[in-house]
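Chemist: sequence and predicted structure below; questions after.
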Protein chains: 4
Amino acid sequence: MATNKRMEVRKANLIKAAEKVFAEKGFHQATISEIARQAGVSDATIYEYFPTKEELLFAIPLSMTLKGKEDLLLHLKIIRGAANKLRAIIYWYLDIYEKHPDYASVALLILKSNREFLKTDTYQVVREWARLFVDIVKEGIESGEFKVNTDPYLVRAAVLGTIEHNVISHLLLGRPKNLLSLVDPLTEIVVRGICQDDGFNGWRIKVAFEQPPEKLEQKLDKTVGRNKKKRK
Amino acid sequence: MATNKRMEVRKANLIKAAEKVFAEKGFHQATISEIARQAGVSDATIYEYFPTKEELLFAIPLSMTLKGKEDLLLHLKIIRGAANKLRAIIYWYLDIYEKHPDYASVALLILKSNREFLKTDTYQVVREWARLFVDIVKEGIESGEFKVNTDPYLVRAAVLGTIEHNVISHLLLGRPKNLLSLVDPLTEIVVRGICQDDGFNGWRIKVAFEQPPEKLEQKLDKTVGRNKKKRK
Amino acid sequence: MATNKRMEVRKANLIKAAEKVFAEKGFHQATISEIARQAGVSDATIYEYFPTKEELLFAIPLSMTLKGKEDLLLHLKIIRGAANKLRAIIYWYLDIYEKHPDYASVALLILKSNREFLKTDTYQVVREWARLFVDIVKEGIESGEFKVNTDPYLVRAAVLGTIEHNVISHLLLGRPKNLLSLVDPLTEIVVRGICQDDGFNGWRIKVAFEQPPEKLEQKLDKTVGRNKKKRK
Amino acid sequence: MATNKRMEVRKANLIKAAEKVFAEKGFHQATISEIARQAGVSDATIYEYFPTKEELLFAIPLSMTLKGKEDLLLHLKIIRGAANKLRAIIYWYLDIYEKHPDYASVALLILKSNREFLKTDTYQVVREWARLFVDIVKEGIESGEFKVNTDPYLVRAAVLGTIEHNVISHLLLGRPKNLLSLVDPLTEIVVRGICQDDGFNGWRIKVAFEQPPEKLEQKLDKTVGRNKKKRK
DNA sequence: TATGAATGAGGTTTCATTCAT
DNA sequence: GATGAATGAAACCTCATTCAT
């Protein structure tokens, strides 16, 4: 059991080393030798823990994915409202990626475009995640928070796609500098994009002026209040 | 001139063959031999046209990028309103990716995560595109179509990120089946997410029913149009 | 005939270009393309004049060897005495190599170690040269100028070897700077090394001064003549 | 230590195999595959020991050069007189080359004309050798054994050049058959070529016979002593 | 005659992976 | 359990050379 523990630790180290080297060089440019060197072991040792280079790659997201899921689930349970939960998810992703750039590189630049990864157990965990996301959106629809005809899959794609696009840009180009600053703007766009107009269910009667004086209009905007946000 | 033409044609064929093989196998799994076979030429011939395998890869997006840009620019000139232009862009992207899945694979699964591509001339064209996108959003902000505090870069990331996420999913998982069906839902989310409430500049008078009958409401929705959504 | 002349000129140009490129890069590092570029023709044109790259190499020494031989033969006919002829040969070689460093490179760094060159017609000319050299030494032996037991082949090897060693050093290391400055020292060593002591076959009687005045001695040296050189 | 020893042995074997193949085929004609076959290992194994084919080539002269230098230095210490040392060097070289024709081929036909070799550490050892040679000649000059105006560099070039010329001829043409037979003739030429006449500073009176009987002459030579050496 | 274009042939090199110790 | 050492397999790329025009 002592050895078992030892091996777990070493395995984790190997994964960490692999993450670093893969992030720096990409999968094909990275060599087992370099990973071994980074981990302070011999090449052959890596093969004691992982059957192939690709399996080593696939092992990288596992812990993060599993542990991350637990954490996030915990958070989500205490949060009320689909929109708020969306924000939590967005926060969580951007936070993780910002704090673990090597992991971000591996996940978004390497694994994302690896067809084999889709067959992985780890990927199944990711799938479950994805389902969770969809469920939250559905929940929001059902609760009336989101529009009825909202496509939960599209929303998911929008949120994750936007996050990933930004993270990749952050990794490769250095912009945006700060990922967490995106949390609120992104949340707002998405939530506004899918929320019920204002939850008001009566008749809406519009009265148009022939030529509404611009300045007046602006005042009116402020006075009457545009329903920028929803009510609950 | 005849020879020049011949070579242009052959070069285009090589690019096409490369696109296909790269799309199927990925960059590293694809071999020059297979591309040559696919193109019906010898390995060495490829090197008459492209100095390295990587240069061959980078040549793939060039024509699409250049020609695409022209086409889209033409469209955009005829379209009025930033939101409409956004929709045009979304349409254009999804259309291209749906019609050219090999190209989509190369662009989104291979080039997107290739750091060297960023140093390419072709990438510069992509950058110009990106600027154009931002300009359109800014235009929408100035015209009052979009909210004043809209972050154009975030909007761009959202649109492109969502598109790319969907295209990748389409390529790898087969979902969504139909990319163009995303045009309107995506446009709506984004535009709603960033537009001024509704751009209507009159008085808004709300008349509430005490208990609006569900069925009536639905009918009214369709009849009167506007607020597509319901209540629960 | 006009065309014939044209072709001869072009052939000579090709050889010149090849000489330059081979000298710079060595045989294997040099490419037909580069030689063609240097000559201002296409790769294929070279093959109109020479069947293979190696034949092009072997063509380089031909003109020099043939023309050189004629010239030198002319000189040798006017010169009397084997030692003087030896000096003429040494001069001629060093002169040629100094004036034509590219040729020297090709001859001494490339052809010298090419086994195929030995089968060449051009090499046969070189062999005749070599025979000539030996004949001169033999002549010197017969005339009594050189020691009876002189090995003409060794003398040839010594002269040519020394020259080549110096030329190579000159080419690769830049030392000696000036090749022609070697003519006399080299001649002296070799001739002293093989000449009859002084060719004098009588008794030698030495008469010593107690303290021969240095200056006188020097004068005497010049006046009487130390047998540095031979007589005829 | 056992493994270390094993690897040293294998490395030496690889060098031996390379020496053989390079000698037979030349550097460019020789292939790693053939060397590997000759050594009884796989191609890849060679690259475990040498980073490139060229480095493998450059490794060949190292041991010979180092060990040889030690041996020769030992000899030279016991030998008195610059002329005798010269003879020892000549002997040593010809002996090595005769005993190791493959090495001779590599050294004189391949390395001699390789510009990159000049940048090698091994070549630096060769340079030190060369300095040693010059020092011996200088020593001879200072001791009065050799003429004052002797150029040590020219002497070195003469000795080495002559040796190399003969060895190459021996390798390529089979002549001379026996290299060691050159030791004395070559030594004599060179030493005669540069030795002090006899350092005798008196009058020299010559008495000629009308017809000196050949045989008598020879006896006289021995009896009276040719002024091969000097006094001080 | 000159050449643009195509290619056959092959070599060096790289690495993931294996296995005896 | 760890590793030093060995290798199989293959890929990219280069060039001398050919041939239709």
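Modeler: Great, that's in hand.

Chemist: which non-adjacent residue is nearest the residue nearest the centre of chain A?
Modeler: Residue closest to the average C-alpha location in chain A (Cα atoms, centre = their mean): residue A:93, at 3.8 Å. Distances taken as Cβ to Cβ, 6 or more residues apart in numbering or on different chains place residue A:163 nearest to residue A:93, at 5.0 Å, with adjacent residues excluded. For glycine as for every other residue, the C-beta is placed from the backbone atoms N, C-alpha and C.

Chemist: in the host helix or strand of the one you found, which residues are buried?
Modeler: Here residue A:163, judged by DSSP states H and E, is contained in helix A:152-173. With burial defined by 16 or more other Cβ atoms under 10 Å in any protein chain shown, the residues of helix A:152-173 counted as buried are A:152-172.

Chemist: close to DNA strand E, is the top helix by length along chain A?
Modeler: Identified as the longest helix of chain A according to DSSP state H is helix A:53-78. Yes. Using Cβ under 7 Å from any atom of the strand, helix A:53-78 comes into contact with DNA strand E via A:53-54.

Chemist: what sits up against whichever helix or strand comes after that helix?
Modeler: The C-terminal neighbour of helix A:53-78 among helices and strands, as given by DSSP H and E, is helix A:82-99. With Cβ atoms under 8 Å, 6 or more residues apart in numbering or on different chains as the test, helix A:82-99 has contacts from A:64, A:68, A:71-72, A:75-76, A:79, A:103-104, A:107-108, A:133, A:136-137, A:139-141, A:143, A:145-146, A:159-160, A:163, A:166-167, A:170, A:178-180, A:182-184, A:186-187, A:190-191, A:195.

Chemist: stretch A:51-65 too?
Modeler: Counting by Cβ under 8 Å, 6+ apart, A:12, A:14-15, A:18-19, A:22, A:27, A:32, A:35, A:46, A:49-50, A:96, A:100, A:103, A:106-107, A:110-111, A:114, A:116-117, A:120-122, A:125-126, A:129 sit against stretch A:51-65.

Chemist: got it, and stretch A:67-74?
Modeler: Contacts of stretch A:67-74 (Cβ under 8 Å, 6+ apart): A:88-89, A:92, A:96, A:125, A:128-129, A:132.

Chemist: which one is residue A:123 nearest to, not counting chain neighbours?
Modeler: residue A:117 (5.6 Å).

Chemist: cool, residue A:33 as well?
Modeler: residue A:43 is the one closest to residue A:33 (Cβ to Cβ, 6+ apart), at 5.6 Å.

Chemist: domains in chain A, by residue range?
Modeler: As assigned by automatic domain parsing, chain A contains the domains A:1-50, A:57-202.

Chemist: mean neighbour count, these: which tops it?
Modeler: Of all the domains of chain A, domain A:57-202 has the most neighbours on average by mean count of other Cβ atoms under 10 Å in any protein chain shown, namely a mean of 18.

Chemist: show me which residues of chain A are close to DNA strand F?
Modeler: Chain A has residues A:3, A:6-7, A:10, A:41-45, A:47-48 near DNA strand F, with proximity defined as Cβ under 7 Å from any atom of the strand.

Chemist: now narrow these to whatever sits close to DNA strand E.
Modeler: Answer for these near DNA strand E (Cβ under 7 Å from any atom of the strand): A:43-44, A:47.

Chemist: quick check: of those residues, which lies closest to chain D?
Modeler: Taking Cβ to the nearest Cβ as the measure, chain D sits nearest to residue A:43 out of those, at 12.4 Å.

Chemist: from residue A:36, how far out is the closest one?
Modeler: Using Cβ to Cβ, to the nearest Å, we find residue A:43 at a distance of 5 Å from residue A:36.

Chemist: any stretches of chain A with poor pLDDT?
Modeler: For chain A, the stretches with pLDDT under 70 are A:1-3, A:196-232.

Chemist: who in it is up against DNA strand E?
Modeler: A:29-33, A:43-44, A:47, A:51-54.
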